[in-house]
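Novice: Pasted the sequence and its predicted model underneath.
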Amino acid sequence: MFSHQTYLSPFTWRYGSEAMRRIWSEVHKRALWRTIWVALAEAQHAAGLVTAEQLADLRAHQNDIDIERAHAIEAEIHHDLMSEIRCYAEQCPVGGGIIHLGATSADIEDNADAIRLREALSLVQERLRGVLIALAERIEAFADQPCMAFTHLQPAEPTTIGYRLASYGQDLLADWEALKQLIPQVRGKGFKGAVGTAASYAYLLEGSPMTAADLETRAMNTLNLPCFAIVGQVYPRRQDLIIGQALATLAGTLHKFAFDLRVLQSPGFGEWAEPFGAAQVGSSAMPFKRNPINAENIDSLTRVVAGLPIVLWQNMATNLLERTLDDSASRRVILPEAFLAIDEALLRVRRLIAGFEVDAISVQRNLNAFGVFAATERLLMEVVRAGGNRQALHETIREHSLSAWESLRGGGPNTLPEGLSADERITQFIPPRRVRELLRVDSYIGDAPQRALALAHQIRSAVQ
């Protein structure tokens, strides 16, 4: 039906996995509609409203999806669900007449949407599991590898690569727990008719020992889908917003990791780098370029996910009285694209985490250049403990630090260790050798390795 001679969404072929596309495909949606109609017919058969022959006919043709025929009908009647009913009914000469008995469109569409949301969230959770496992491995590998930490994008104190990775792991683990709690809470509309009162079902069941609530329970149990107790014509759109916010929060975590990688790959830092294929081209104009294209793609897609909840908020807040239809078109766009974007981002993040390169020379260069400034905190504490005046010594260290910064800015070495170890205002309290020991930055990382390893263990325990 489609070709590259007409507009295609990037999510049709460029971004997202086939597994996620199948969940949001037209065929899968219509297959779910038919599954829901069969579940309703089964419950109505138990109530004596549908014969065994009619039910058997529906089951026999349940998987005979005919998109071309359904679209031809829709072109005439301008109603997608009714076109599928008629297409299905044409295939079922015995049972076709009882399809959708007592139901309204949202009884079918909203239950199908809830199932797809749950399926898509489960796939996202599985993708996140892979990311977390890969991240735990890298945390463990780099738990005690010192590097410079930066605050305000300025050199601060040493940390470890594993500890920095653990900060992403902690947030992703929170995202994992949020998904774990959210998935079982996804609910369908149930079978409650045009305004949620189940009046049509109650009328059909007059004289039957089965109530409308019994019918709904039986059909929803068949679908293995809990439902809201109170609805209008559709399930509360608040559910869409909660799911969109969970995806946006996860997108924020992924965005930060990718953005940090982009910063660390820039020449000023030069510590991390994306994997780069042997035949990969970085720029059409500059053959030398090695751009962080995957991290940039992740940040671009997650930015889209972050912007979608405002529309879902409007769908919830402006769903007037028992229902308005102005949420329909936006939901067709937002729900699949949010999941396809986060799906693509997670796949790329997993590859980056598993394959990003650490330039040990650049890491050590930055430590040598900047780490010694941070280590002066330790020097100050020891000299004061040995009897020095804290305020006077702070000024002494500041003077040498400014001089060392000027040397670095001019392309020279960091003169701080030599300057401080030769200053009598300091060496009168501790010997020069001890000054140089205290200014070694690779040991000034606190308990970062232990905390990083503990987080990696926590991740493994949570996702196993």
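Specialist: Sure thing, it's come through. Note that the structure is a prediction, hence the values are computed from the model and not measured.

Novice: Can you classify the closest residue to Ser105 other than its chain neighbours by secondary structure?
Specialist: Of all residues not flanking Ser105 in the chain, Leu81 sits nearest, at 4.7 Å (CB to CB, 6 or more residues apart in numbering). The C-beta positions use only the backbone N, C-alpha and C, and glycine is treated the same way. With DSSP: H, G, I helix; E, B strand; the rest coil as the basis, Leu81 sits in helix.

Novice: Buried residues, stretch 183-198. List them.
Specialist: For stretch 183-198, the neighbour count (16 or more other CB atoms under 10 Å) marks Ile183, Val186, Arg187, Gly188, Lys189, Gly190, Phe191, Lys192, Gly193, Ala194, Gly196, Ala198 as buried.

Novice: Need the max-distance pair from the residues you listed.
Specialist: Pairwise distances across those (CB to CB) peak at 29.5 Å, for the pair Ile183 and Ala194.

Novice: which strands and helices sit next to the longest helix anywhere in the chain?
Specialist: Assignment by DSSP state H gives helix 105-141 as the longest helix of the chain. On a contact count with 3 or more CB pairs under 8 Å, 6 or more residues apart in numbering; DSSP states H and E, helix 105-141 meets helix 18-23, helix 26-46, helix 80-91, helix 161-182, helix 212-223, helix 238-265, helix 328-355, helix 448-463.

Novice: ok, back up a step: and which of the buried residues of stretch 183-198 is nearest to Ala19?
Specialist: Nearest to Ala19 among the buried residues of stretch 183-198, with distances taken as CB to CB, is Ile183, at 16.4 Å.

Novice: Which residue, other than its chain neighbours, is closest to that closest one?
Specialist: Leaving aside its sequence neighbours, Ile183 sits nearest to Leu121 (CB to CB, 6+ apart; 5.0 Å).

Novice: How about Gln62?
Specialist: When the adjacent residues along the chain are set aside, Gln62 lies closest to Arg34, with 5.0 Å between them (CB to CB, 6+ apart).

Novice: doesn't Ile85 make contact with that neighbour?
Specialist: No. In this structure, Arg34 is not within contact of Ile85 by CB atoms under 8 Å, at 9.8 Å.

Novice: what's near enough to touch Asp57?
Specialist: Residues in contact with Asp57 (CB atoms under 8 Å, 6 or more residues apart in numbering) are Cys92, Pro93, Val94, Gly95, Gly96.

Novice: quick one: it from Glu377, how far?
Specialist: Going from Asp57 to Glu377 by CB to CB, to the nearest Å gives 80 Å.

Novice: now do Glu126
Specialist: From Glu126 over to Glu377 (counting by CB to CB), the distance is 45 Å.

Novice: ok, back up a step: the residue nearest to Ile183: neighbour count?
Specialist: 19 (other CB atoms under 10 Å).

Novice: Please apply the same query to Arg116.
Specialist: The local packing of Arg116 (other CB under 10 Å) involves 20 other residues.

Novice: distance of the residue nearest to Ser105 from Glu109?
Specialist: For Leu81, the distance to Glu109 (CB to CB) stands at 6 Å.

Novice: Any regions of the stretch 151-300 of the chain where pLDDT drops low?
Specialist: 276-289 (pLDDT under 70).

Novice: Can you get me the centre-to-centre distance for stretch 181-197 and its chain?
Specialist: 24 Å (CA atoms, centre = their mean, to the nearest Å).

Novice: Can you give me every residue that contacts Phe259?
Specialist: Phe259 makes contact with Ala295, Asp299 under the criterion CB under 8 Å, 6+ apart.

Novice: go again using 7 Å as the cut-off
Specialist: Asp299 (CB atoms under 7 Å, 6 or more residues apart in numbering).

Novice: How about Ser122?
Specialist: So Ser122 contacts Ile183 (CB under 7 Å, 6+ apart).

Novice: Among the buried residues of stretch 183-198, which one lies nearest to Ala75?
Specialist: Ala194 (25.7 Å).

Novice: How many residues are close by Leu402?
Specialist: Counted with other CB under 10 Å, Leu402 comes out at 11.

Novice: how about it, secondary structure?
Specialist: helix.

Novice: Can I get the contacts of Asp57 in JSON lines including neighbour count?
Specialist: Shown next, in JSON lines, are those (neighbours: other CB atoms under 10 Å):
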{"residue": "Cys92", "neighbour count": "20"}
{"residue": "Pro93", "neighbour count": "10"}
{"residue": "Val94", "neighbour count": "15"}
{"residue": "Gly95", "neighbour count": "24"}
{"residue": "Gly96", "neighbour count": "18"}
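
Novice: Point out where the stretch 1-150 of the chain drops to low pLDDT.
Specialist: Low-confidence segments of the stretch 1-150 of the chain (pLDDT under 70): 1.

Novice: let's go with 90 and repeat that
Specialist: The stretch 1-150 of the chain contains residues with pLDDT under 90 at 1-6.

Novice: Please identify the buried residues of stretch 95-115?
Specialist: 95-96, 98-115.

Novice: Would you mind measuring the gap between the ends of it?
Specialist: End-to-end distance for stretch 95-115, by CA to CA, to the nearest Å: 25 Å.

Novice: residues in contact with that stretch?
Specialist: Contacts for stretch 95-115 (CB under 7 Å, 6+ apart): 29, 32-33, 36-37, 40-41, 44, 49-50, 54-55, 57-58, 81, 85, 88-90, 186-189, 191-194, 200-201, 204, 223, 225, 233-235.

Novice: Having no further points to raise, I will conclude here.
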